[in-house]
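*Asks:* coords below, sequence missing:
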């Protein structure tokens with residue numbers, strides 16, 4: 001049974017005893033010489049979460065010991081600095097505005113108490129979940145006031161988010177705390193109905209509505225089957241399941257990743273919970289921005305197309321000095337989106353102005369024409385699959401997003417690792433190495449003169465049934481599951 005240990009200023013004051021719940025004083029916890037078991041979760045209910053307080057040191061110590069604790073030291077810093085968390089309030093303000101739609105505009109907005117993601121008023125259900133996901137503190141109190149947008153629309157603006165001491169909660173708030181505590185601790189009790197519990201659990205983040213997901217439905221089904229053969233229960237989750245993440249031993253992100261997106265928040269949460277994640281937050285940060293990749297390739301002498309950075313100040317000079325055709329890219333495009341080709345200076349200026357309206361920087365790269373791109377799949381520094389992706393019919397890219405009737409993709413050919421030209425393999429491995437030890441898809445080209453160049457490194461490469469697994473079949477999915485097992489056991 002999963003055990004919950006509450007860290008308190010004085011354990012004798014804690015009135016919420018129940019089976020599976022233990023208490024320890026902050027002083028005794030800090031003096032404890034060894035970590036709790038991996039099936040133990042810590043909830044820090046010290047009265048002071050401020051920087052360098054005893055409560056903060058308990059969180060820091062737990063992370064050093066590899067224990068799972070709520071809130072983390074990072075969460076304590078986050079909630080303590082308004083200028084840091086201000087950017088996280090946009091969604092919460094929209095949810096609060098929506099919840100209070102129809103209320104008397106002359107009425108002051110009352111503070112909303114959130115305990116373990118629950119609120120007393122059902123109107124604030126989504127707000128409470130979003131606040132808990134953002135701050136990961138057992139108790140939050142949201143203070144807000146009425147305001148207006150620049151267009152004159154009514155808006156509820158959050159002025160402050162505070163962390164009350166649980167001892168100060170009274171009446172309905174105290175009952176809410178007890179209900180939230182019960183709900184949160186029950187989430188981590190194993191279900192006794194399973195005849196044999198799996199060794200590990202793997203969450204796979206998917207969006208069934210995504211038009212071009214990195215894995216098709218059949219791929220996820222094959223991953224689930226492969227997991228079952230290796231003692232790993234594979235379960236799909238969605239964007240609303242962030243609060244459930246700690247229930248799992250690892251996370252596999254099978255949505256298109258971006259920094260300003262829930263996929264990155266899931267990766268960061270996995271990092272905070274100490275569970276392995278592909279793609280990890282660091283890899284998302286590095287791979288989703290082509291400016292970073294261009295500089296990384298330069299720094300590590302990785303062969304890549306000639307690249308210059310363009311902003312409004314050097315657009316015309318770049319147009320005059322470029323050798324055409326030139327490929328223009330926004331830094332955070334994916335699946336060939338945000339990629340244009342300029343065939344002359346006038347086109348570069350026109351396209352550049354259009355793209356710079358949405359991005360402070362764009363990249364201009366030399367155009368390297370090939371019949372297909374190589375995609376080398378790399379996991380933990382080892383190549384696991386290789387595919388040739390051919391250009392879309394009558395187009396210069398793999399995907400033609402402007403095609404009539406929707407995106408048109410070129411063909412593919414999956415080949416054995418032994419059949420990949422050595423220069424392509426060496427370039428791909430060299431490009432992935434400084435990114436990390438995760439799962440990457442490295443796009444490369446083999447030029448007519450025999451040179452291999454790296455176009456980009458993808459942090460969540462396509463893994464589709466019938467494509468990347470065409471040669472390895474079920475073994476590809478077992479390779480992935482075995483690597484998750486290795487990461488889970490290493491983390492423990």
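*Replies:* Thanks, I have it. None of the values given here were measured: they were computed from a predicted structure. Numbering: from 1, shown residues only.
*Asks:* where does the protein dip in pLDDT?
*Replies:* Low-confidence segments of the chain (pLDDT under 70): 1-2, 80-88, 148-152, 187-197, 333-337, 394, 398-408.
*Asks:* swap the cut-off to 50 and go again
*Replies:* For the chain, the stretches with pLDDT under 50 are 189-195, 335.
*Asks:* How about the contacts made by residue 380?
*Replies:* Going by Cβ atoms under 8 Å, 6 or more residues apart in numbering, residue 380 touches 437, 438, 483, 486. C-betas here are computed from N, CA, C, even on glycine.
*Asks:* Same check on residue 289?
*Replies:* By Cβ under 8 Å, 6+ apart, residue 289 lies in contact with 259, 331, 332.
*Asks:* Make a markdown table from the residues you listed and add neighbour count and distance to residue 222 to it.
*Replies:* Converted to a markdown table, the contacts of residue 289 look like this (neighbours: other Cβ atoms under 10 Å; distance: Cβ to Cβ, whole Å):
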| residue | neighbour count | distance to residue 222 |
| --- | --- | --- |
| 259 | 14 | 30 |
| 331 | 18 | 34 |
| 332 | 16 | 30 |
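*Asks:* Among the contacts of residue 380, which pair sits farthest apart?
*Replies:* 438 and 486 (12.8 Å; Cβ to Cβ).
*Asks:* Compare these two (neighbour count), which wins?
*Replies:* When neighbours are counted by other Cβ atoms under 10 Å, residue 438 comes out ahead of the other of residue 438 and residue 486, with 24 against 12.
*Asks:* Identify the residues contacting that one.
*Replies:* Contact analysis of residue 438 by Cβ under 8 Å, 6+ apart lists 278, 279, 280, 283, 379, 380, 459.
*Asks:* ok, now with 7 Å
*Replies:* The contact partners of residue 438, by Cβ atoms under 7 Å, 6 or more residues apart in numbering, come to 278, 279, 280, 283, 459.
*Asks:* for residue 199, same thing?
*Replies:* Contacts of residue 199 were listed using Cβ under 7 Å, 6+ apart, and they are 231, 232.
*Asks:* make it 8 Å
*Replies:* Listed by Cβ under 8 Å, 6+ apart, the contact partners of residue 199 are 231, 232, 485.
*Asks:* before we move on, what about residue 456?
*Replies:* Contacts of residue 456 by Cβ under 8 Å, 6+ apart are 287, 290, 293, 442, 443.
*Asks:* Which residue comes closest to the second one once chain neighbours are left out?
*Replies:* Nearest-residue entry for residue 290: residue 331, 4.9 Å, with adjacent residues in sequence omitted and distances by Cβ to Cβ, 6 or more residues apart in numbering.
*Asks:* Can you classify that neighbour as helix, strand or coil?
*Replies:* The local conformation at residue 331, judged by DSSP: H, G, I helix; E, B strand; the rest coil, is coil.
*Asks:* What ranges does the stretch 351-492 of the chain have for its helices?
*Replies:* Listed in chain order, the helices of the stretch 351-492 of the chain (DSSP state H, counting those that start in this stretch) span 422-432, 474-491.
*Asks:* circling back to that earlier point, surely the residue nearest to residue 290 touches residue 294?
*Replies:* No - taking Cβ atoms under 8 Å as the definition, residue 331 is not a contact partner of residue 294, at 9.0 Å.
*Asks:* Are there residues contacting both of these two? Which ones?
*Replies:* Counting by Cβ under 8 Å, 6+ apart, the shared contacts of residue 331 and residue 294 are residue 363.
*Asks:* Quick one: the contacts of residue 380 as TSV, columns for distance to residue 201 too.
*Replies:* Listed next are the contacts of residue 380 as TSV, based on distance: Cβ to Cβ, whole Å:
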residue	distance to residue 201
437	22
438	20
483	15
486	15
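*Asks:* give the contact list for residue 484.
*Replies:* 200, 202, 232, 250, 252, 276, 278.
*Asks:* what separates it from residue 202, distance-wise?
*Replies:* In this view, residue 484 and residue 202 are 6 Å apart by Cβ to Cβ, to the nearest Å.
*Asks:* Check residue 185 too.
*Replies:* From residue 185 to residue 202 the distance is 23 Å (Cβ to Cβ).
*Asks:* Between these two, which is the more surrounded one?
*Replies:* For residue 185 versus residue 202, neighbours defined as other Cβ under 10 Å are more numerous around residue 202 (26 against 20).
*Asks:* State whether that one is indeed within a helix.
*Replies:* No - according to three-state DSSP, residue 202 belongs to no helix; its state is strand.
*Asks:* Enumerate every residue touching it.
*Replies:* Counting by Cβ under 8 Å, 6+ apart, residue 202 makes contact with 227, 232, 233, 234, 235, 248, 249, 250, 251, 252, 481, 484.
*Asks:* The residue nearest to residue 468 when sequence neighbours are not counted and residue 229, how far apart?
*Replies:* Nearest non-adjacent residue to residue 468, counting by Cβ to Cβ, 6+ apart: residue 385, 4.9 Å away. Distance, residue 385 to residue 229, using Cβ to Cβ: 20 Å.
*Asks:* Which one's more surrounded, the two?
*Replies:* A count of neighbours by other Cβ under 10 Å puts residue 385 above the other of residue 385 and residue 229, at 25 against 11.
*Asks:* Is it correct that the more buried one is in contact with residue 414?
*Replies:* Yes - with contact defined as Cβ under 8 Å, residue 385 reaches residue 414; the gap is 6.8 Å.
*Asks:* Now the common contact residues for those two.
*Replies:* 468, 471.
*Asks:* give me every residue that touches residue 378.
*Replies:* When contacts are counted by Cβ under 8 Å, 6+ apart, residue 378 touches 384, 428, 429, 432, 439, 440, 441, 442.
*Asks:* Then residue 128?
*Replies:* The contact partners of residue 128, taken as Cβ under 8 Å, 6+ apart, are 112, 114, 117, 118, 119.
*Asks:* wait, the first one sits on residue 96?
*Replies:* Translated: residue 112. Yes - counting by Cβ under 8 Å, residue 112 touches residue 96, with 7.5 Å between them.
*Asks:* Now do the shared contacts for these two.
*Replies:* 124, 127, 142, 144.
*Asks:* Look up how far residue 109 lies from the second one.
*Replies:* In this case it means residue 127. 12 Å.
*Asks:* Now for these two: what residues contact both?
*Replies:* Overlap of the contact sets of residue 127 and residue 109 (by Cβ under 8 Å, 6+ apart) consists of residue 96.
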